[in-house]
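Engineer: My questions concern the predicted model and sequence given below.
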Amino acid sequence: MMLTTPQHAPLLFGRWRSRALRALPAAAVPLRDLVPGRRAPAFLDSIAPSLDEGFDAMRTSDTAWIAAELELAYAAVGTVGRAPTWVRDLHRGSYDAWQPVVRAQRSAFDALLAPVWPRVQDLHRAEFARYAAITAQHGIGHALTSTILGSRLNGHAWELPVATTTREVHPAGRGVLLLPTFHWTGDPLVSDMPGRPVTVTFPAGPRIPLPPSAVASAQDALAEVLGRTRLRILTLSGDGLSTSGLARGLGLSAATISVHTAALRAAGFITSARDGKTVVHRRTALGSLLLGIPYDAE
C-alpha cells in the first residue's frame, strides 16, 4: 500500500518508494494486475508462519470469496472486464492461475523485504514483548487501546479510528490477530476474511523506511530517509533557529534553507513563526520523537 499511495508521507517514504519501484523485478509485475487501484484483494494478506504456508493458505481459500475480492479491486477503478487473461482465469477458480501470483509475491519479498528481514524480526520480538508486558500489568483491554491510539472498547466491540470514521471489530467467537507492521504509517488496516480471526494491521516501530542491517546507526538511517541537510536542520532546531542562522551554520543560502524547512514543516517535524523580520524554526514533539529525543526534556 505504501508503494501505491505516493501522497502518503512523501518526505519519509518518497525516496524509499522510488527505489522500491525500481528494484521490483519483472516477475513481480502480476501484482500490479491484482492491484489496479488502491484497494488490494484481501486474499493477498495471508497470515502464516512462513512464506510457503502463506501461499498454500492463499491458494486454498474459498473460490467464491477470491472472485468477489477481484471484482471489488477492479470495480474500484472502473476496469471490470478489462483484467488480463490470467486474472480472469483466477476469477474462474483456475488453480494454475496462482502460479504467477506466487512467483510475484516471492520475487517482491526477495527484492524489498529480505534485505531488512532480520530487522523486521527484531522489531516484531520487541513489539511482542512490549504488548505482553502491558497485558500482564494492565489487562487485555488496556493493551488493545494503548496499541492503537484513539481506539476504545465499547461493550463487546473494539472501535478503531479509520480515516474520518470508526471501524468496529467484534472479536467474540473468532478472536483478533494483531499484526504490527513496519512499512505502513497510516490508519489501522482491518482484514475480515471468512473463517479466520479478524486481522488488525497497525503501524509500529520507528515508522520510517527500514534500512538494511548494514546501516550503522539510527542517524545514518534517518539521513538516508530525510537527506543529511534536512536531518541537520531538524537536529539544530531544538531551541529554535532563524533561517539566516541555519544558513550560516550549514553554509547554505537562505533560499535553500527555506526549501528544506518547508518540507520539514509540511511533515509536521518543525514549526516556523515570524519574530520581527526573521522567521524562527523550532522542532516539534513529532520531530523530537523521530530523533529519539524526549520532548519533555527539551
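Structural biologist: Great, that's in hand. Residues are numbered from 1 along each chain as shown.

Engineer: which residues does residue 46 contact?
Structural biologist: 54, 55, 57, 58, 61 (C-beta atoms under 8 Å, 6 or more residues apart in numbering). Any C-beta I mention is one placed from the backbone N, CA and C, and that applies to glycine too.

Engineer: which residue sits closest to the first one in space, ignoring its chain neighbours?
Structural biologist: Beyond its immediate neighbours in the sequence, the residue positioned closest to residue 54 (C-beta to C-beta, 6 or more residues apart in numbering) is residue 48, lying 3.7 Å away.

Engineer: ok, now the last one?
Structural biologist: Taking C-beta to C-beta, 6+ apart, and ignoring the residues beside it in sequence, residue 61 has residue 43 as its nearest neighbour in space, at 5.3 Å.

Engineer: what does the fourth one give?
Structural biologist: Among residues not flanking residue 58 along the chain, residue 46 sits closest, at 4.3 Å (C-beta to C-beta, 6+ apart).

Engineer: Residue 37 and residue 185, how far apart?
Structural biologist: 20 Å (C-beta to C-beta, to the nearest Å).

Engineer: the more surrounded of those two?
Structural biologist: Per other C-beta atoms under 10 Å, whichever of residue 37 and residue 185 has more neighbours is residue 185, with 17 against 13.

Engineer: you'd agree the more buried one is up against residue 202?
Structural biologist: No. Here residue 185 lies out of contact with residue 202, judged by C-beta atoms under 8 Å, at a distance of 10.2 Å.

Engineer: Number of residues surrounding the residue nearest to residue 61?
Structural biologist: Using other C-beta under 10 Å, residue 43 has 21 other residues around it.

Engineer: do the same with the one 4 residues further on
Structural biologist: Applying other C-beta under 10 Å, we find 15 residues neighbouring residue 47.

Engineer: ok, now which ones touch it?
Structural biologist: Contacts of residue 47 (C-beta under 8 Å, 6+ apart): 54, 57, 177, 179, 196, 199.

Engineer: Among the residues you listed, name the ones in helices.
Structural biologist: Under the assignment DSSP state H, those contribute 54, 57 to helices.

Engineer: Pick the one among the contacts of residue 47 closest to residue 259.
Structural biologist: Closest approach between the contacts of residue 47 and residue 259, by C-beta to C-beta: residue 179, at 37.7 Å.

Engineer: now the closest one, nearest residue through space, not along the chain?
Structural biologist: Nearest one to residue 179, counting by C-beta to C-beta, 6+ apart, is residue 201 at 4.5 Å.

Engineer: For the one you found, what are phi and psi?
Structural biologist: Main-chain dihedrals, residue 201, degrees, to the nearest 10: phi -100, psi 130.

Engineer: can you give me the helices for the stretch 101-250 of the chain?
Structural biologist: 117-138, 140-147, 218-226, 228-236, 243-250 (DSSP state H, counting those that start in this stretch).

Engineer: lowest average confidence, helix or strand, in the protein?
Structural biologist: Taking mean pLDDT, DSSP states H and E as the measure, the chain has helix 218-226 as its least confident helix or strand, at a mean of 67.

Engineer: that older thread, wait, the residue nearest to residue 54 touches residue 57, no?
Structural biologist: Yes. Between residue 48 and residue 57 a contact is recorded at 5.3 Å, counting by C-beta under 8 Å.

Engineer: tell me, what residue is most central in the chain?
Structural biologist: By C-alpha atoms, centre = their mean, the chain has its centre lying nearest to residue 184, at 0.6 Å.

Engineer: Show me what whichever helix or strand residue 257 is part of packs onto, helices and strands only.
Structural biologist: In this structure, residue 257 sits in helix 254-266 according to DSSP states H and E. Applying 3 or more C-beta pairs under 8 Å, 6 or more residues apart in numbering; DSSP states H and E, we find helix 254-266 packed against helix 10-23, helix 228-236, helix 243-250, strand 270-275, strand 278-283.

Engineer: what would those look like in JSON lines with mean neighbour count, mean pLDDT and distance to residue 159?
Structural biologist: Compiled in JSON lines, the helices and strands packed on helix 254-266 are given as follows (neighbours: other C-beta atoms under 10 Å; pLDDT from 0 to 100; distance: least, C-beta to C-beta, whole Å):
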{"stretch": "helix 10-23", "mean neighbour count": "15", "mean pLDDT": "76", "distance to residue 159": "28"}
{"stretch": "helix 228-236", "mean neighbour count": "19", "mean pLDDT": "91", "distance to residue 159": "35"}
{"stretch": "helix 243-250", "mean neighbour count": "16", "mean pLDDT": "94", "distance to residue 159": "43"}
{"stretch": "strand 270-275", "mean neighbour count": "14", "mean pLDDT": "92", "distance to residue 159": "32"}
{"stretch": "strand 278-283", "mean neighbour count": "19", "mean pLDDT": "94", "distance to residue 159": "33"}
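
Engineer: Perfect, that will be all.
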